[in-house]
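Engineer: Kindly generate the corresponding structure for this input.
(chains A and B)
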Amino acid sequence: GIQVEQSPPDLILQEGANSTLRCNFSDSVNNLQWFHQNPWGQLINLFYIPSGTKQNGRLSATTVATERYSLLYISSSQTTDSGVYFCAVGPSAAGNKLTFGGGTRVLVKP
Amino acid sequence: NAGVTQTPKFQVLKTGQSMTLQCAQDMNHEYMSWYRQDPGMGLRLIHYSVGAGITDQGEVPNGYNVSRSTTEDFPLRLLSAAPSQTSVYFCASSWRTGGDEQYFGPGTRLTVT
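Structural biologist: Numbering: from 1, shown residues only, chains lettered A, B, ... in the order given. Down below sits the predicted model:
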């Protein structure tokens, strides 16, 4: 099956710092989503981005499908950004069968 | 519009007991699925459904049954719980079946002793 690798596994930021999270995948996809899992365990949709670039406030994401990677940018980080960020991809033949990466655990210190 | 709802939020079972985790969505989504999340890991697909009356297996289906008699509901059944099924279970749904943004419920935390 498709492999999804996220880096870095852990990230500690000072409040106000910027960061980039990366997601590499091993096969062509027609579904890619970024999620934030907050400290209460809730999965929050950040972006549905199988290709291209999107922005939502301080967050933005870019997926280069031909090179099989996606990037999530966090700018001016806040303590509420803490949690685990997951990338999930769906292969072209079965886009809704998501395979999740291992996540990037982010801690933003005040 | 409640989105995807799951009940119960927490459950403790003894080995060998059975139970059903409930999932419902009010968005008229075709596609529904169940995932499990083990500590420190991403989610893994258990079962999915592309419409009422149609279900199929995901990556880790053993020990679980599903059915989809209506568009809205997609229950997950554990027939004989085992400690290896201790996990957090998430239900998800999406509008289309061929690759679409999925929305997740709040999860059910299950402990099997």
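Engineer: In contact with the closest residue to residue B:9 other than its chain neighbours: list those residues for me.
Structural biologist: Distances taken as Cβ to Cβ, 6 or more residues apart in numbering or on different chains place residue B:108 nearest to residue B:9, at 6.3 Å, with adjacent residues excluded. For the C-beta atoms, the positions are set from N, CA and C on the backbone; glycine is no exception. Shown in contact with residue B:108 (Cβ atoms under 8 Å, 6 or more residues apart in numbering or on different chains): B:6, B:7, B:8, B:9, B:10, B:11, B:21, B:88, B:89.
Engineer: Is residue B:108 bridged to anything, and to what?
Structural biologist: Partner residues in beta bridges with residue B:108, using DSSP bridges, are residue B:89.
Engineer: Got the confidence number for it?
Structural biologist: pLDDT recorded at residue B:108 is 97.
Engineer: Distance of it relative to chain A?
Structural biologist: 10 Å (Cβ to the nearest Cβ, to the nearest Å).
Engineer: ok, how many other residues are close to residue B:42?
Structural biologist: Neighbour count for residue B:42, taken as other Cβ atoms under 10 Å in any protein chain shown: 21.
Engineer: Is it in contact with residue A:88, as I believe?
Structural biologist: Yes - with contact defined as Cβ atoms under 8 Å, residue B:42 counts as touching residue A:88 (7.4 Å).
Engineer: Identify the residues contacting the residue of chain B at minimum distance from chain A.
Structural biologist: Per Cβ to the nearest Cβ, the residue of chain B with the smallest distance to chain A is residue B:99, at 2.2 Å. By Cβ under 8 Å, 6+ apart, the residues touching residue B:99 are A:30, A:31, A:50, A:90, A:92, A:95, A:96.
Engineer: go on, residue A:82?
Structural biologist: Residue A:82 neighbours (Cβ under 8 Å, 6+ apart): A:39, A:106, A:107, A:108.
Engineer: Secondary structure element holding the last one?
Structural biologist: By that I understand residue A:108. Applying DSSP states H and E as the criterion places residue A:108 in strand A:104-109.
Engineer: Going by neighbour count, list what's buried in that strand.
Structural biologist: A:104, A:105, A:106, A:108 (16 or more other Cβ atoms under 10 Å in any protein chain shown).
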